[in-house]
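Chemist: could you work out the structure for the sequence below:
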Amino acid sequence: MKKSLLLLGALWYAATGFAQFQLVSDTSWGLSSSQNGPFNLPVYEVTNCVDEAYIDAQCGDWYGSPMLAEHFAGCTGMKPIWVAPPPPSCYYPPTPEHWFRKTFSLCTQPEMAQVRIQADQKFTLFINGTQVGSSTDSDWNVVRSYDVAGLLTAGNNTILVKVDNIDGGSCFNYAFLAFCLQASATTLTLNPMRDSSICSGQSLTLRASPGGAAYAWSPAAGLSATNVANPVASPSATTTYSVTITDPCGGAAITDDVVVEVRPLPAATAGNDGPYCPGDPVQLNAGGGLTYAWSGPGGFVSTLQNPLLPAFSAVQAGGYTVAVTGPNGCSATAVTQVQALPAPEVNITSPLVLCFDAPPIQLTATPEGGEWSGAAPLSGMLDPAAVGTGLHTITYTYIPDPAGCTVAATATLEVVDELRVDIQDTGPFCLTSPVQQLAATPAGGVWSGAVDAAGSFDPEALGLGLHDATYTYAPSPGCMATDNIAVAVINSPINAALGADVAIRLGETATLSATVGVPLSSLVYAIWEPGGIRLDCPDCLTLDVGPFETTTYSVLLADANGCESEDQITVEVDNSKPVYVPTAFSPNDDGVNDVLSLFADPVTVRQVRYFKVFGRWGELIYEAKDFSPSLNPYNIGWDGTHRGQLVNPGTYAWMAEVQFADDSISKLSGSITIIR
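Modeler: Residues are numbered from 1 along each chain as shown. Take a look at the predicted model:
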């Protein structure tokens, strides 16, 4: 039967149960041999097929009309169309794939949309660039349906249909394709807005019914925009807003009103009774509402209307904010600044040690202009003899002018009958000692002589011998005392000697002993190296060592005067590791060479991990494990038997693994000959 390429299509927007909506613009079908176009080849309607067979088979009532009526009921206005170039008859040569495109614009996004498509060749359907469905067969009698509501949008839309020739042959190998789009949309409906209320200064978003083509709000006062669906409203007073919504599909416009009530804010107030001096109570106060929430410096918080801070300090100065909530639920804030009054730093600068027989002294303090009290007269002119010996409390009070905080400083004054100083007895000092520091009481005096004013000196700079130093303490006019000391600088009396170097074998220990030229009781400590071992004397002059390799040791001896002496000694270690196994033995019970074993120095060798003997064919015939070696090892060894029978004379192999005193491990091997 002859076939022809038929494309039957209709865009349909009205059917039973569907609400009509506006098709804004429409184009006829375009054809291209490529997905990317251009779609400028015309598509012709089939109105006259001259070939009788074709009319009967393809265009007549028997084939075309009943099928369309059955499969596309409700798709009114469908017409058969031909692909260009128009045929001179209903006969066609073979064709490759073709792309059909139709573009249209919708007034709103469909709520429901369905594509029905029928083809007698392979096809692929795309809606707005998304592949919706396809067929891989040529069953022209099958109708495929696809829901595409989510792919269509308000505005421009594109439908693409790709048709492939899959039948082959020399002629009439075209695809028959019928296409129908049904869609519906809900008409614009009113979703009434609810009245709202806000506090003065707040905003809210108005939400008109969705789906409109245009929005017109009034009045404009307080709105972020008048032509959007959801403007932000910030009215200064209670306002009724009205919106007119245009139906995108040409229906009647709808209107809606909403009342935005603006509630007034409370008249929040905040204050305090400052400024304040240190230690003053701080009274905060607020008003204008029902509830209060304070915050301030140093993490201060309170829900009291009028909180009290017991004692003011500098860290509490600054702004205090209170959030005041009124009876209508609206809140406002107020701020009060807590300030500090000037509070100068007051210091007593007078000497605090006076001699009883010293003349009267004018007490001093900063800032000047304050008043004295306590043991001191108001003027601050104090006579030590009138006050008397002992400890006395004096107070200086400064009152700022014209405003500020009254600040006082208190000190203890001592009147002594006789002023004395004492230098701490110390020394002698070794010539090689580091810089030294002399000490005296009372502190605060001045040194002179062989030391600097602070009482420090370098023994090496002074040199050997005695050097005079004087300490002078003069706490106040007419009151002074001195003391002297002879600083002795000496050579170190210690003479550390470790003696000659020593030699030991691997695994042995040596005792290192130092001699000194002073009594042990005069030594304070000894430091042995390597290892930084510090020992307290008099048990510090010996050290037991057991190195695994040749090592040089040193000892540093020190006494209470800082004198030191050091010496060194080298411990040479013979780390040779002699191990001996005889090359022959005669197990004949004559008491001579009857047992084969491993000979080793038990000091050098810590353990024989194993000793094995092998037969002529490599079989193990004797083994001993984990034993200590001995210069007389016959308590452990091979007696020349295997499984209770004497082995034949000949040569046998042995292996051993030995662990030495330094934890190193060696594997040894050799051969032994049995002689009978």
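
Chemist: so who does Ala214 touch?
Modeler: Each residue near Ala214 by CB atoms under 8 Å, 6 or more residues apart in numbering is listed here: 227, 245-246. To be clear about C-beta, it is placed using only N, CA and C from the backbone, and glycine gets the same treatment.

Chemist: again, but for Gln436
Modeler: Applying CB under 8 Å, 6+ apart to Gln436 gives the contacts 426, 429, 456-459, 562.

Chemist: and if we set it to 10 Å?
Modeler: For Gln436, the set of contacting residues under the criterion of CB atoms under 10 Å, 6 or more residues apart in numbering consists of 426-427, 429-430, 451, 455-459, 462, 487, 489, 561-562.

Chemist: let me know the closest of the residues you listed to Pro231.
Modeler: Within those, the smallest distance to Pro231 is 83.5 Å, found for Ser456 (CB to CB).

Chemist: check the gap between the closest one and Gly650 for me.
Modeler: Using CB to CB, to the nearest Å, Ser456 is found at 88 Å from Gly650.

Chemist: swap in Asn191?
Modeler: Taken as CB to CB, the span from Asn191 to Gly650 is 114 Å.

Chemist: isn't Asn157 up against Cys107?
Modeler: No - taking CB atoms under 10 Å as the contact criterion, Asn157 and Cys107 are not neighbours in contact, 11.6 Å apart.

Chemist: these two - which one has more neighbours?
Modeler: When Asn157 is set against Cys107 and neighbours are counted by other CB atoms under 10 Å, the residue ahead is Asn157, at 21 against 17.

Chemist: got the contact list for the more buried one?
Modeler: 102-106, 109-110, 113, 127-128, 148, 151, 181, 183.

Chemist: for Asn285, which residues make a bridge with it?
Modeler: Taking DSSP bridges, one obtains Gly271 as the residues bridged to Asn285.

Chemist: burial count for it?
Modeler: Other residues close to Asn285 by other CB under 10 Å number 17.

Chemist: nearest residue to Arg144 in space, please, no chain neighbours.
Modeler: Excluding its sequence neighbours, the residue lying closest to Arg144 (CB to CB, 6 or more residues apart in numbering) is Ile117, at 5.5 Å.

Chemist: pretty sure the one you found is touching Phe126, no?
Modeler: No - taking contacts as CB under 10 Å, Ile117 lies outside contact range of Phe126: 11.7 Å.

Chemist: mind listing the shared neighbours of the two?
Modeler: By CB under 10 Å, 6+ apart, the residues touching both Ile117 and Phe126 are 132-134, 161.

Chemist: kindly write the ChimeraX command that selects the buried subset of these.
Modeler: Those of the shared contacts of Ile117 and Phe126 that meet the burial criterion (16 or more other CB atoms under 10 Å) are gathered into one ChimeraX selection, given here:
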select :132,161
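
Chemist: tell me the one of the shared contacts of Ile117 and Phe126 nearest Ala526?
Modeler: For the shared contacts of Ile117 and Phe126, the nearest to Ala526 is Val132 (97.2 Å; CB to CB).

Chemist: now the residue nearest to the spatial centre of the chain: how far from Leu284?
Modeler: With distances taken as CA atoms, centre = their mean, Gly299 lies nearest the centre of the chain, 26.8 Å away. Going from Gly299 to Leu284 by CB to CB gives 15 Å.

Chemist: can I see the domain layout of the chain?
Modeler: Under automatic domain parsing, the residue ranges defining each domain of the chain are 6-184, 196-263, 269-338, 347-416, 422-490, 502-574, 579-674.

Chemist: can I get these in a markdown table with distance to Ala496 and mean pLDDT?
Modeler: Written out in a markdown table, the entries for the domains of the chain read as follows (distance: least, CB to CB, whole Å; pLDDT from 0 to 100):
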| stretch | distance to Ala496 | mean pLDDT |
| --- | --- | --- |
| domain 6-184 | 97 | 60 |
| domain 196-263 | 89 | 94 |
| domain 269-338 | 61 | 96 |
| domain 347-416 | 48 | 93 |
| domain 422-490 | 14 | 93 |
| domain 502-574 | 4 | 87 |
| domain 579-674 | 30 | 85 |
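
Chemist: can you list contacts of stretch 195-205?
Modeler: Identification of contacts with stretch 195-205 by CB under 10 Å, 6+ apart yields 206, 222, 224, 230-238, 240, 257-266, 326, 328-332.

Chemist: quick one: the helices in this protein, in order.
Modeler: In the chain, helices defined by DSSP state H lie at 52-54, 64-71, 384-387, 459-462, listed in chain order.

Chemist: count of neighbours near Asp357?
Modeler: Here the count is done by other CB under 10 Å, and Asp357 has 11 residues near it.

Chemist: quick check: it touching Pro477?
Modeler: No - checked against CB under 10 Å, the pair Asp357 and Pro477 is beyond contact range at 12.0 Å.

Chemist: ok, now which ones touch the residue lying closest to Ile399 once chain neighbours are set aside?
Modeler: In space, Ile399 comes closest to Thr406 once its chain neighbours are excluded; the distance is 4.9 Å by CB to CB, 6+ apart. Taking CB under 10 Å, 6+ apart as the contact definition, Thr406 lies against 277, 341, 343-344, 346, 370, 397-400.

Chemist: same thing with Cys430?
Modeler: 436, 459-460, 489-494, 558-559, 561-565.

Chemist: narrow these to those that are buried.
Modeler: For those, a neighbour count by 16+ other CB under 10 Å gives the buried set as 436, 459, 489-490, 492-494, 558-559, 561-565.

Chemist: bridging residues for Glu657?
Modeler: According to DSSP bridges, the partner residues bridging Glu657 are Tyr610, Lys667.

Chemist: likewise Thr333?
Modeler: Ala323.

Chemist: when you give positions from now on, start the count at 17
Modeler: Fine by me, first position is 17 from now on; the one you just mentioned is Thr349.

Chemist: wouldn't it be in contact with Ala283 here?
Modeler: No - between Thr349 and Ala283 there is no contact under CB under 10 Å: 11.8 Å.

Chemist: shared neighbours of these two, anything?
Modeler: Taking CB under 10 Å, 6+ apart as the contact definition, Thr349 and Ala283 share the neighbouring residues Val340.

Chemist: check the gap between the residue nearest to the centre of the chain and Gly334 for me.
Modeler: 12 Å.

Chemist: now swap in Val595 and tell me
Modeler: 87 Å.

Chemist: who has more neighbours, the two?
Modeler: Using other CB under 10 Å, the more surrounded residue of Val595 and Gly334 is Val595, with 17 against 13.

Chemist: how near is the more buried one to Ala513?
Modeler: When CB to CB is the yardstick, Val595 and Ala513 sit 39 Å from each other.

Chemist: and Ser687, by the same measure?
Modeler: Ser687 sits 54 Å away from Ala513, going by CB to CB.

Chemist: same check on Leu636?
Modeler: Per CB to CB, Leu636 is found 58 Å from Ala513.

Chemist: show me the contacts for the closest residue to Val503 other than its chain neighbours.
Modeler: Counting by CB to CB, 6+ apart, His483 is the residue found nearest to Val503 once chain neighbours are left out, at 4.4 Å. Under the criterion of CB under 10 Å, 6+ apart, the contact partners of His483 comprise 445, 465-467, 473, 475, 501-505.

Chemist: mark which of those residues are buried, thanks.
Modeler: In terms of neighbour count (16+ other CB under 10 Å), the buried residues within these are 445, 466-467, 473, 475, 501, 503-505.
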